[in-house]
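>>> Pasting a predicted model and its sequence here:
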Amino acid sequence: MKKGKGTVVKSTGSQYLVKIEDERIIPCSIKGKFRIKGIRATNPVAVGDHVGFEWLEDETGGIITSIKERSNYIIRKSSNLSKEYQLLATNVDVAWLMISMTLPRTLTPFIDRFLVSAEAYRIPVIILFNKTDLYGLSEQEEMNHLKSVYTDIGYRCMQMSLQTREGVKEVQDEMIGKVNVISGNSGVGKSTLINVLDPAIRLKIGEVSDYHKTGKHTTTFSEMFELSSGIRIIDTPGIRGFGTIDIEREELFHFFPEIFRASKNCKYHNCIHMHEPDCGVKAGVENGSISEFRYINYLMMMEEEDDKYR
Ligand SMILES: Nc1nc2c(ncn2[C@@H]2O[C@H](COP(=O)(O)OP(=O)(O)O)[C@@H](O)[C@H]2O)c(=O)[nH]1
Ligand SMILES: [Mg+2]
Ligand SMILES: [Zn+2]
């Protein structure tokens, strides 16, 4: 049996499209069961997977027989009640969180929720400030403040204006040779960015994204696009909210890196940094080493989790 290997670029039910080294796209099916440790998935193979397959006799397609170990994956619950998950994307190199200080203004609870998800998925994030051409003095100050807070925690921050193209080259260089996911609230410039990076591909990506947005389509699918510059982008609505992955309430603070670090100074080993005495996190907020808004967002997420059980 002749063997091949490649990357899954699209999954449509039981069929997978696998891109091989010479750029050909081979339709493949799967044989047997693939298991993912710890989770029950409705689809065992996903966009981004590096797979091995056996060619069909006539070489019109293949059968996937192996999956290379994943560096990370994005999943979401098939439905609210279900214990089954849908794998949306795997082996993501960078999750870009596009934000803006104005028109629309991205709020920090949105940012922190996203960062928690990305931490849980173990996907590196770059926070990308867009629309800097629209920033007045106060927006600039706000951006600089957020930049210093998030940089101190360990997140990379970049800035650009798709209007003036300032900073776009740096972002593009960072994306080349990587598998990228682009997220952000509506209106922040995601579609415009893809258009600027590769005008020829824009329509296609826009179709997929806008389809998701209207909510007409409940079964999610992802697709990997390759831009002319060699940038790979996975289009998925998946990496949105905290609800998409199961995090125990008592462990939420593990996904706020600076809060997790400060928790070493708590008196009680099971401290959740809310009402306990001698809490290293609260001490950190008081002495300014932990940003107050981050702590407030943490408390807000804790309370939301609490509400789920009422
Ligand atoms: N002034 C300004 N407008 C921008 C910039 N980037 C995007 N826009 C505009 O913001 C609007 C929303 O952009 P879009 O790409 O559709 O956002 P999406 O919802 O994230 O895909 C469009 O009218 C864009 O032209 C920017 O850097 N500066
Ligand atoms: Mg869009
Ligand atoms: Zn504590």
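Done, it's in. Ligands and ions are numbered 1, 2, ... in the order given.
>>> I'd assumed residue 43 was in a helix, is it?
No: assigned with DSSP: H, G, I helix; E, B strand; the rest coil, residue 43 falls outside any helix and is coil.
>>> excluding its backbone neighbours, what's nearest it?
If you skip the residues right next to it in sequence, residue 43 has residue 87 as its closest partner in space, 5.4 Å away by Cβ to Cβ, 6 or more residues apart in numbering. Every residue, glycine included, has its C-beta placed from N, CA and C.
>>> same deal with residue 297?
What sits nearest to residue 297 in space, not counting adjacent residues and going by Cβ to Cβ, 6+ apart, is residue 112, at 4.2 Å.
>>> Regarding the one you found, which helix or strand does it belong to?
In the assignment (DSSP states H and E), residue 112 maps to helix 108-121.
>>> domains for this protein, by residue range?
The domain map for the chain lists 3-69, 89-235, 247-307, with the assignment taken from automatic domain parsing.
>>> Let me know which of those domains is the nearest to residue 82.
Using Cβ to Cβ as the measure, domain 3-69 is the one of the domains of the chain that comes nearest residue 82, at 8.7 Å.
>>> in stretch 169-185, what's buried?
Under the neighbour-count criterion of 16 or more other Cβ atoms under 10 Å, stretch 169-185 has 171, 172, 174, 175, 179, 180, 181, 182, 183, 184, 185 buried.
>>> CSV please, covering the residues you listed and showing secondary structure, pLDDT and distance to ligand 2.
Written out in CSV, the entries for these read as follows (DSSP: H, G, I helix; E, B strand; the rest coil; pLDDT from 0 to 100; distance: Cβ to the ion, whole Å):
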residue, secondary structure, pLDDT, distance to ligand 2
171, helix, 98, 17
172, helix, 97, 18
174, helix, 98, 20
175, helix, 98, 17
179, strand, 97, 20
180, strand, 96, 15
181, strand, 93, 14
182, strand, 91, 9
183, strand, 90, 11
184, strand, 90, 9
185, coil, 88, 11
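>>> after the worst-scoring helix or strand of the chain on mean pLDDT, next one along is what?
Sorting the helices and strands of the chain by mean pLDDT, DSSP states H and E puts helix 202-214 at the bottom, at a mean of 53. Following the chain from helix 202-214 toward its C-terminal end, the next helix or strand by DSSP H and E is strand 223-226.
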